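> based on what follows, work out the 3D shape:
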Amino acid sequence: MVCHIGVLGANGRMGQELIKAICEDNQTLLKSALVRQGHDLDGKNLGILTPLCADLTYESDVSKAFEKSDVILDFTLPKATGAFLEKALERQTPLVIGTTGLSPEDHVLMEKVARTVPVVYGTNMSLGITVLNALVEQTATFLGEDFDIEILEMHHRHKKDAPSGTALTLGDFAARGRGVPFESVASFERHGEAQQARKKGDIGFATLQGGGVAGDHSVLFASEDEVLTLSHRALNRSVFAKGAVRAAKWVVTQEPGLYNMRNVLGL
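Below you'll find the model as predicted:
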């Protein structure tokens, strides 16, 4: 069965990677590449991006995009995701959402939509990061509070959220492994003379930005005697796109519910 996919934010960096990944996958077919109304690409042929999709044009009609697609991929902006969730609920169209920086209200709406529509949500669709999340949770379970946990990441200079959704998710899995609420142990503020000594059990974050780095993440477990580092490096954005396409092919066969990439991989 060929999966018909629509891409929201088709003009963005991730949108373009998603289009290429869909066109290169022999089990998927791109049905819609959506841009905002009035965008320069609206009505233009996708052949300017990849010859594999030269028979399609960019479009701006959201309703038509949902109507034509078995599943919709949303890697846009938080301010747009709410409207797309509402449209998915209206059309009963499965969604794969990789947008980060969503508000608590967005998450409540996502849970509402997932009661009748299957939704995959992930801050990072990389298959490697998905495995890393599982390893971090397991390692945090094995190693007690004598091991401090630090999460270090680096992204390209255009990255807008810091810490990233990926780093926060890694921290959340570490907290789960320790059996504690993430909010009670997350530590973000470390600067100035008022910096206090590290509290036992805290999960620290450090963020670097520069150049065109697609995404580097490391989780350090440090005791007085040794340091264990679990890390992942994305060499390009295609790893996120390929993971999202895999999620799209998976979610169209699922019952309504809110899923993540661990579900997709069967972890």
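> tell me the phi and psi of P118?
Main-chain dihedrals, P118, degrees, to the nearest 10: phi -70, psi 130.
> report pLDDT for it.
Note on P118: pLDDT of 98.
> tell me where this structure has helices.
Along the chain, the stretches classed as helices by DSSP state H are 13-24, 62-68, 78-91, 104-113, 127-142, 165-178, 182-185, 238-251, 261-265.
> okay, those helices, which one's buried deepest?
helix 238-251 (a mean of 24; mean count of other Cβ atoms under 10 Å). For the C-beta atoms, the positions are set from N, CA and C on the backbone; glycine is no exception.
> hmm, who's touching it?
By Cβ atoms under 8 Å, 6 or more residues apart in numbering, the residues outside helix 238-251 that reach it are 3, 5, 14, 17-18, 20-22, 25, 27-28, 71, 73, 75, 94-96, 98, 118-120, 122, 124-128, 130, 214, 234, 259, 261, 264.
> stretch 154-161 too?
By Cβ under 8 Å, 6+ apart, stretch 154-161 touches 100-101, 162, 164, 207-216.
> I'd assumed L30 was in contact with E24.
No - counting by Cβ atoms under 8 Å, E24 sits too far from L30 to count as a contact (10.3 Å).
> just give the number of residues close to A54.
A count of nearby residues for A54, using other Cβ atoms under 10 Å, gives 13.
> equivalent analysis for the one 3 residues further on, please.
Counted with other Cβ under 10 Å, the neighbours of T57 add up to 15.
> kindly report the same for K200.
With other Cβ under 10 Å as criterion, K200 counts 9.
> what residues are up against it?
K200 touches 145, 148, counting by Cβ under 8 Å, 6+ apart.
> what's the pLDDT at it?
86.
> what's the answer for the one 3 residues further on, then?
In this model, I203 is scored at 94, pLDDT.
> isn't it up against S187?
Yes - I203 is within contact range of S187, at 6.5 Å (criterion: Cβ under 8 Å).
> for the helices of the chain, which one sits closest to N45?
helix 13-24 (12.4 Å; Cβ to Cβ).
> any idea how far that closest one is from the chain center?
Centre-to-centre, helix 13-24 and its host chain are 15 Å apart (Cα atoms, centre = their mean, to the nearest Å).
> with stretch 8-19 instead?
Worked out by Cα atoms, centre = their mean, stretch 8-19 lies 14 Å from the chain centre.
> with stretch 102-111 instead?
So, by Cα atoms, centre = their mean, the centroid of stretch 102-111 is 15 Å from its chain's centroid.
> residues in contact with it?
Looking at what lies outside stretch 102-111 - Cβ under 8 Å, 6+ apart - the contacts are 78, 81-82, 85-86, 97, 119, 121, 258.
> go again using 10 Å as the cut-off
77-79, 81-83, 85-86, 88-89, 95, 97, 99, 117, 119, 121, 123, 165, 257-258 (Cβ atoms under 10 Å, 6 or more residues apart in numbering).
> quick one: low-confidence parts of the stretch 101-250 of the chain?
Low-confidence segments of the stretch 101-250 of the chain (pLDDT under 70): 190-196.
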